[in-house]
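In: Sharing a sequence plus its predicted fold:
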Amino acid sequence: MPITNPTYVLPVINKAPLIVGTTSTTVGLRWNARSEEDDIGDPPLVGYDVFVMKDGDWVVDQRVDQLTTSAFVINLTPDTEYMFRVAAVREGTGGTGPVSPSNNIITRCKKPSASPTGSQVSAINPKELEVTWEHLPSESAECRSGVTHYTIYYASTGSTSSNSFLVFRDTSSFTISELDTYLDYTIQLTASNKDAEGDRSSETMSKTLEEVAPAPINVAIPQSTTSSFTVSWSTPLPSNINGNIQKYIIRYQQTDPVVDSDYKSEEVLNGAFEGEHTVVDLTAKSNYSVQVQTVNGAGSSNWSEPVNAKTVQSGGPPSASIGPIVGGAMAALFIIILVIILVLVIFRRIKQRRLKAEPAASPPNNTRETSSKYENPVFDDSNQDPNTYEDLNADTHAYQDLNTDTPNYQNITDPHTYQDLKKPNTDVTYLEAITSDPGDTYEEI
């Protein structure tokens, strides 16, 4: 019986593959998975073939299994156009189906192989630098587009970040503006093609120009004598403002009494940002108007606001600025007042606590107490036990009660006899009783 070859339909892919990524040497592709229910062709499917157009011919670049629907085509030439197709493959000889529609793309350019050369930087003014360079040769651009633009990077010395400007490819100079005065800057350039930026050039250093310094501030006269005064000042921050300070000029003019109306000046060769100088050989007890000026490489600043200096009278002590003296006196006075208030508050609180601690006062007794009880410390109730007052046998004395009009005050057990005393008059004065001996007799004076 003759054997008949089976007949089957090859699988078909109807859509072109998608290009999902590209570099200068690779292209990424993706396509839809074939459906046995919806797509043309008989199963089983074993994989996909990826075709690439190279030198005018379609060649199979690679085969992937049936579960894979993407591929990367590598080892391509930069800045070159390529076309791509995909075909499904079933098992058996001649199982490759027809190729899909194609998709094409140009690979990216490599970065330029060189950096701009011949760069020069010059200061135009305190806020601007001009940068010039030579054009990059087209073959160094590594791209059919050539150089598309240049980038200028600049940063102040010591800075961890930089700023940049883009300039067109037909430009070979550029002015950087809005810089800080008298400051060092580092300049670098790059060239770019349509796809990539080249490496930075070597650094070029430059410094913006100096500018006339601002006038000194905080001008003061901390001390004066009969024939001199001392002037002090400072420079506005930041400390590098406008340039290197070369010197200061102090000018002064006598104002009272007016002897010489012309200004006299003295130079202080000091590059510091704070200064002090003493002007000597002056007239005693005279007023002077004093100003200070800063000088740097760009010229002289405006004069500071005038301050008044006064030499002291001959024979008097040197004078210091009254400001610290007045301030110290005011501070001392404030402390004294605060201490006084604090003492008064404490005293008042102590007094209130004592009043609260004392028992309520008894109503006044208009009856005159006996002098022996209230004038002799022996009878202080605070020192007596209230349970011992009735023990008559322990006491060898009898005491007269001045508040009682009873004529008999004799104690039978007492060997002593006390004179009958009349009730004292409220105007009678009593001497202070002094206890000296148990046998003493107390009499009304």
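Out: All right, it came through fine.
In: Would you double-check that Asp339 falls in a helix?
Out: That one is not Asp; residue 339 is Val. Yes. Counting by DSSP: H, G, I helix; E, B strand; the rest coil, Val339 is located in a helix.
In: From Ile346, how far out is it?
Out: 11 Å (CB to CB, to the nearest Å). Where you see a C-beta, it was placed from the backbone N, CA and C, and this is true even at glycine.
In: swap in Ala220?
Out: 43 Å.
In: So between the two, which is more surrounded?
Out: Ala220 (16 against 10; other CB atoms under 10 Å).
In: so the more buried one, which of the three states?
Out: Using three-state DSSP, the structure places Ala220 in strand.
In: Just say helix, strand or coil for the closest residue in space to it that isn't next to it in sequence.
Out: Once flanking residues are discounted, Ala220 sits nearest to Ser232: 5.3 Å by CB to CB, 6 or more residues apart in numbering. Secondary structure, three-state DSSP: Ser232 is strand.
In: residue contacts, Ser232?
Out: Ser232 makes contact with 218-222, 274-276, according to CB atoms under 8 Å, 6 or more residues apart in numbering.
In: By pLDDT, give me the weakest of those residues.
Out: Minimum pLDDT for the contacts of Ser232 is recorded at Glu274 (89).
In: roughly how far apart are that one and Pro236?
Out: Using CB to CB, we find Glu274 at a distance of 11 Å from Pro236.
In: the more surrounded of the two?
Out: The neighbour comparison of Glu274 against Pro236 (other CB under 10 Å) goes to Pro236, with 15 against 12.
In: Hmm, Ile245 and the more buried one touching each other?
Out: No. The criterion here is CB atoms under 8 Å, and Pro236 misses it with Ile245 at 11.6 Å.
In: Mark out where each domain of the protein begins and ends.
Out: 18-106, 117-207, 217-323, 369-386+395-445 (automatic domain parsing).
In: For Val9, which of these is the nearest?
Out: Closest approach to Val9 among the domains of the chain (CB to CB): domain 18-106, 4.8 Å.
In: Distance from the closest one to the middle of the chain?
Out: 61 Å (CA atoms, centre = their mean, to the nearest Å).
In: Give the residue spans of the stretch 101-250 of the chain that score low on pLDDT.
Out: Counting by pLDDT under 70, the stretch 101-250 of the chain shows low-confidence ranges at 238-241.
In: let's see it at 80
Out: For the stretch 101-250 of the chain, applying pLDDT under 80 flags the ranges 237-241.
In: can you pull out the helices in it?
Out: Along the stretch 101-250 of the chain, no segments are classed as helices by DSSP state H, counting those that start in this stretch.
In: all strands of it, in order?
Out: 103-106, 117-125, 128-134, 149-156, 163-168, 173-176, 184-192, 204-207, 217-224, 229-234, 245-256 (DSSP state E, counting those that start in this stretch).
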